[in-house]
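Asks: here is the input, now give the coordinates:
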Amino acid sequence: MERKAISLHDKLSSFTEHWAPKVVADYNGNDVIVVKVKGEFVWHSHPETDDFFLVLKGRLTIQMRDGDVTLGAGELFVVPKGVEHRPVAEEETHLLLIEPAGTPNTGDPATAVAKPRI
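Replies: Numbering: from 1, shown residues only. As a prediction, the model looks like this:
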């Protein structure tokens with residue numbers, strides 16, 4: 001097995017679309033994902049898992065029904081499982097996400113996007 005560092009910068013530079021998560025590594029049954037976001041995502045929740053957000057570049061507001069959390073580069077937040085939330089980015093923002101493999105990004109497999117490996 002070849003071992004080499006994964007450049008998140010290189011991975012993020014390889015695509016331009018927003019809200020299109022890409023798997024870059026596996027970690028104990030979890031997907032390690034990079035994604036570029038801009039604008040508003042849909043309100044959703046994950047009944048079976050927490051939702052981990054780490055901002056690599058930009059600013060992200062995670063709206064929740066009982067208040068918002070705003071993150072800058074180098075900050076992270078974990079939305080507890082079952083909590084309805086909506087990520088919002090006024091400017092293009094780069095995120096690292098960690099979630100159980102196969103978790104639908106919208107909380108609903110019928111509306112979730114595919115997460116290809118890059």
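Asks: distance of residue 91 from residue 24?
Replies: Between residue 91 and residue 24 the computed distance is 22 Å (CB to CB, to the nearest Å). To be clear about C-beta, it is placed using only N, CA and C from the backbone, and glycine gets the same treatment.
Asks: which of the two has more neighbours?
Replies: Per other CB atoms under 10 Å, whichever of residue 91 and residue 24 has more neighbours is residue 24, with 18 against 11.
Asks: can you tell me the SS state at the closest residue to the more buried one other than its chain neighbours?
Replies: Nearest residue to residue 24 in three dimensions, chain neighbours excluded: residue 11, at 5.1 Å (CB to CB, 6 or more residues apart in numbering). The three-state label given to residue 11 by DSSP: H, G, I helix; E, B strand; the rest coil is helix.
Asks: who's residue 40 bridged to?
Replies: Here residue 40 sits in beta bridges with residue 88, going by DSSP bridges.
Asks: SS state for the residue sitting nearest the centre point of the chain?
Replies: By CA atoms, centre = their mean, the chain has its centre lying nearest to residue 97, at 4.0 Å. Secondary structure, three-state DSSP: residue 97 is strand.
Asks: how much space separates it from residue 82?
Replies: Distance, residue 97 to residue 82, by CB to CB: 18 Å.
Asks: next: residue 109.
Replies: For residue 109, the distance to residue 82 - CB to CB - is 17 Å.
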